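Trainee: Below is the structure, and that's it, no one-letter string:
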């Protein structure tokens, strides 16, 4: 583990348990910089007025919220500081609920909660009490000048914290769904075969079987370029020819899938089309 992201306490009734938050994951995306065409210079963006072309330094800027087209309300740093949440080093548990009471759509980021110095016994007590009750904790805390709603739950021998979206941040699926789909009912025979297909495709989960093919191929490309390989493989086509058609025979597709003719998991873009080598 690296340096803790946050240090404070969990307030559990009158009990305060020193804890710290650790990263639970690490993004592995590949980031590119903008360079000049010949790659000799890394390019930088600048702050400028598109109407006059005048350039500005960061200390010449102010903050504003657009309230109408080309109309802004300016807010200075002192005004922002006045409404920021009070600094706190406590994760305040407000209530306990069942995990099933929270729809996964509310979950945002995940952190490991580890005990601070000398708090192992109190930490273990909270963990064991939550585990025995089958409950998770809802809490509030402040990190990096932002107030979070969070869920604490027991995982294996420890506790993890999930920051949650507030209710008014979650959009309605009902509003996004076409009325024709909301009111439709599945055909009983098709539903039976679909359930059989679900059963046939059900197996023990191993997330280690899944890889980011694009990132892995991109890193392989970068490694070849580092070693002086001046050619790369590209596809003759940009998109698959297998674009969705119009009306499909759903029952026939379900039966073919159930009989073993189901489509394989899509391969990475590099494996889909014939290749040609291009000098760079």
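Mentor: Good, I have the coordinates. Remember, it's a predicted structure, so these values are computed and weren't measured experimentally. Numbering: from 1, shown residues only.
Trainee: From here on, just use CA atoms for contacts and neighbour counts.
Mentor: Fine.
Trainee: by contact count, what packs against the helix or strand where residue 66 lies?
Mentor: According to DSSP states H and E, residue 66 maps onto strand 63-68. If contacts are counted by 3 or more Cα pairs under 8 Å, 6 or more residues apart in numbering; DSSP states H and E, strand 63-68 sits against strand 71-75.
Trainee: Show me what the strand it packs on is in contact with.
Mentor: 62-67 (Cα atoms under 8 Å, 6 or more residues apart in numbering).
Trainee: Next, format the residues you listed as a markdown table and append distance to residue 83, neighbour count and pLDDT.
Mentor: Shown next, in a markdown table, are these (distance: Cα to Cα, whole Å; neighbours: other Cα atoms under 10 Å; pLDDT from 0 to 100):
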| residue | distance to residue 83 | neighbour count | pLDDT |
| --- | --- | --- | --- |
| 62 | 17 | 10 | 91 |
| 63 | 15 | 11 | 91 |
| 64 | 16 | 12 | 93 |
| 65 | 16 | 10 | 92 |
| 66 | 19 | 10 | 93 |
| 67 | 20 | 9 | 91 |
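Trainee: what's the farthest-apart pair in those?
Mentor: Largest separation among the contacts of strand 71-75 by Cα to Cα: 62 and 67, giving 15.7 Å.
Trainee: And for residue 52, the neighbour number?
Mentor: Residue 52 is flanked by 7 other residues according to other Cα atoms under 10 Å.
Trainee: three-state assignment of it?
Mentor: coil (DSSP: H, G, I helix; E, B strand; the rest coil).
Trainee: Look up how far residue 149 lies from it.
Mentor: In this view, residue 52 and residue 149 are 44 Å apart by Cα to Cα, to the nearest Å.
Trainee: Residue 39 now?
Mentor: From residue 39 to residue 149 the distance is 45 Å (Cα to Cα).
Trainee: For the two, indicate the residue with more neighbours.
Mentor: Between residue 39 and residue 149, residue 149 has the larger neighbour count (other Cα under 10 Å), namely 17 against 9.
Trainee: any idea which element the more buried one lies in?
Mentor: strand 146-155.
Trainee: related to what we said a few turns ago, sheet partners, orientation included, of the strand holding residue 66?
Mentor: Under the criterion DSSP bridges, strand 63-68 sits next to strand 71-75 (antiparallel) in its sheet.
Trainee: Thank you kindly, that will do.
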